[in-house]
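> here is my input; please provide its structure:
(one chain, ligands or ions: 3)
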Amino acid sequence: MVLQMKDPIEHSCAEHIRIWGAKEGHSTPDCGNCRIKKQPNKMALLCAAALLCVLCSMDALQYSELAQYIDSHQEEYVEALRDWVAIESDSSNILKRPDLHRMMDVTAEKLRRMGGDVVMVDIGEQELPGGQMLALPKVVTAHFGNDSQKHTVCVYGHVDVQPAKLEDGWRTEPYNLTEIDGNLYGRGASDNKAPVLAWIHAVEAYQALNMELPVNVKFVIEGMEETGSNGLDAMILAQRDTFFSDVDFIVISDCGWLSKRPALTYGTRGNCYFFAEVEGPTQDLHSGVYGGTVIEPMTDLIGILDTLITPSGKILIPGIREAVAPLTDEEWKMYQDIDFDFDYYKSKIGVAQLMYNNKVDLLAHRWRHPTVTIHGIEGAFSDPGTKTVIPAKVTGKFSIRQVPDMDPAMVKKQVTDYLQSVFAKRKSPNKLKVTMVIGAKPWLADTKHSLYDAGKAAVKRVFGVDPDLIREGGTIPIARTFQDVTGKSIIMLPIGGFDDGLHSQNEKMSRYNYIEGTKLFIAYLHEVAQIKKSV
Ligand SMILES: NCC(=O)N[C@@H](Cc1c[nH]cn1)C(=O)O
Ligand SMILES: [Zn+2]
Ligand SMILES: [Zn+2]
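Numbers count the residues shown, from 1 in each chain. Ligands and ions are numbered 1, 2, ... in the order given. Just a heads-up that it's a prediction; the model follows:
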């Protein structure tokens, strides 16, 4: 026996610590957590845990107390999510703008009640396609703790949502949070209201237990993410030397796991979103009376949209595929090692066949290649029933997900030139106008950064497994701006499940992920506090 028990100390907490000392001349083993060889008599055995140094043991005890607090307050957390989901904060629908403003007020008020230093930052107005101006939702910033000896972590999230209507095929009212079999269904539940609340509840738990936060925490919560984070770039630029000057790291939890295994996300795709408007007659026309005599805008539009991508997914716009950074051997290897159930993925989304039939190709095309998606046509007849009309003006909406080394400014030119040349060949008298309404760049992090070690340790503590390192096919438009403007390192720490149905019917957040995710954030703050602070 290397160790002998000396002065066992029993704590009154749920878990007990026993302090162990080394025999004369014998070495003391490393701490099972921080791996540092500690002095004799400073090693502790924590019930149901490994041999830890005293510091780590105290940390484990504190975590255990916080985790118990989270468990015993979970009903309140679900109610908070219910209140937030009930606000139809759809940023894409201008008629819902009052709800979106209310959502920002409610968010600010929650942070204010916790004693945060809260500011609602006016980010101006947005110009609508008709030229009218509409006030953007204010960005909520908040600040907890101001200790220059500690790191400052800035949490970014959004509280706007994608559109949702019961008649889209939801099984429950989208804005009435409904729990079924441990899943909390509602628009915005996973994207991104529960993760934002989980971060707020993590800070609240320290306050309730009178525990000092291990780091200073700042929040930046916006209401335009789903439509491209309009106005936020300028705000970050304007506050680079004020609000962001003392921020050390940025954490974003606006994404999901790839499987049942927790994950850390190190890359997102960007997005270039286009409107292609084809305008013909001055008003809609009877298709029997005028059909066969006019060159129809819808036929032109569908003709040009069909030249963007082949049925097998090959993008036809010259220059787009050529800009993509080639996949490295290391990336192939990483993708091979990732947990991913190919058949479950297929069955979950209800398709018999995918574009690719192996895991690596599928992941590469989800994360690492651009793709074109045609989203819809404004001005087209889409109601139930039959209407025999020739629409006078139609606007096709499509987007191209961006990966390194694509550049949105270049993509804008490539797409516009290509569509104009394809349209010209049709010799149509109609007018085509192409505009890029969102131009978000991809984001990529260095997984060797200590933020990722902290993430791995936090996942291990809460879930007892090592996380997958994954990328995200979706876009968080502001991620790249945070990186470029503030120069700070970013980690994405998702708590959403792989099957949450983001942007889809029946979006949900599982109660398990919501509650364990809150604990993950607490564990993460503890781990970040261990990162050496540079002076
Ligand atoms: N949760 C992230 C997310 O859903 N982001 C949106 C943002 C976006 C991109 N283009 C328009 N909106 C996404 O679709 O990826
Ligand atoms: Zn989101
Ligand atoms: Zn989203």
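
> surely His365 and Asn357 touch.
No. The pair formed by His365 and Asn357 falls short of the contact definition of C-beta atoms under 8 Å, at 11.6 Å. From N, CA and C alone the C-beta is placed, and that goes for glycine too.

> does Tyr156 count as helix, strand or coil?
Secondary structure, DSSP: H, G, I helix; E, B strand; the rest coil: Tyr156 is strand.

> Ser148 belongs to a strand?
No. Remark: Ser148 does not belong to a strand; assigned using three-state DSSP, it is coil.

> any idea of the mean pLDDT in the strand or helix carrying Ile302?
Assessed by DSSP states H and E, Ile302 sits inside helix 297-305. Averaging the model's pLDDT scores along helix 297-305 yields 98.

> what about the strands in the stretch 201-350 of the chain?
Using DSSP state E, counting those that start in this stretch, the strands of the stretch 201-350 of the chain run over 216-222, 249-252, 263-268, 270-279, 285-286.

> which other helices and strands does the helix holding Ile302 contact?
Here helix 297-305 is seen to pack against strand 270-279, strand 372-378, strand 393-402, helix 408-425 when contacts are counted using 3 or more C-beta pairs under 8 Å, 6 or more residues apart in numbering; DSSP states H and E.

> could I get the ones you listed as JSON lines with distance to Asn176 and mean pLDDT?
Converted to JSON lines, these look like this (distance: least, C-beta to C-beta, whole Å; pLDDT from 0 to 100):
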{"stretch": "strand 270-279", "distance to Asn176": "30", "mean pLDDT": "98"}
{"stretch": "strand 372-378", "distance to Asn176": "26", "mean pLDDT": "98"}
{"stretch": "strand 393-402", "distance to Asn176": "29", "mean pLDDT": "98"}
{"stretch": "helix 408-425", "distance to Asn176": "38", "mean pLDDT": "98"}
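
> now the strands of the stretch 201-350 of the chain as TSV including mean neighbour count and distance to Gly157?
Shown next, in TSV, are the strands of the stretch 201-350 of the chain (neighbours: other C-beta atoms under 10 Å; distance: least, C-beta to C-beta, whole Å):
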stretch	mean neighbour count	distance to Gly157
strand 216-222	24	5
strand 249-252	23	7
strand 263-268	25	14
strand 270-279	22	19
strand 285-286	14	47
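
> nearest to His526, of those?
When the strands of the stretch 201-350 of the chain are ranked by proximity to His526, the top entry is strand 216-222, at 12.5 Å, counting by C-beta to C-beta.

> quick one: that closest one near ligand 2?
No. No part of strand 216-222 sits close enough to ligand 2 to count as contact by C-beta under 5 Å from the ion; the gap is at least 10.3 Å.

> pull the residues that contact that strand.
Under the contact criterion C-beta atoms under 8 Å, 6 or more residues apart in numbering, strand 216-222 has outside partners 104, 107, 111, 116, 137, 139-147, 150-160, 196, 199-200, 203, 229, 232, 243, 246-247, 478, 525.

> stretch 144-156 too?
In contact with stretch 144-156 (C-beta under 8 Å, 6+ apart) are residues 114-117, 199, 203, 213-222, 244, 246-254, 478, 482, 488, 525, 528-529, 531, 533.

> which of those residues come close to ligand 1?
Subset of the contacts of stretch 144-156 in contact with ligand 1: Asp254, counting by C-beta under 6 Å from any ligand atom.

> what bridges to the residue of the stretch 301-450 of the chain at minimum distance from ligand 1?
Nearest residue of the stretch 301-450 of the chain to ligand 1, counting by C-beta to the nearest ligand atom: Ile438, 5.1 Å away. When bridges are taken as DSSP bridges, the partners of Ile438 come out as Tyr273.

> OK, contacts around it?
Listed by C-beta under 8 Å, 6+ apart, the contact set of Ile438 reads Thr227, Gly228, Asn271, Cys272, Tyr273, Ser399, Pro477.

> what separation do you get for the second one and ligand 2?
Relative to ligand 2, Gly228 is positioned 12 Å away (criterion: C-beta to the ion, to the nearest Å).

> those helices in this protein, which residues are they?
54-72, 74-85, 97-113, 194-208, 232-238, 287-290, 297-305, 329-336, 342-349, 359-367, 408-425, 450-463, 479-481, 511-529 (DSSP state H).
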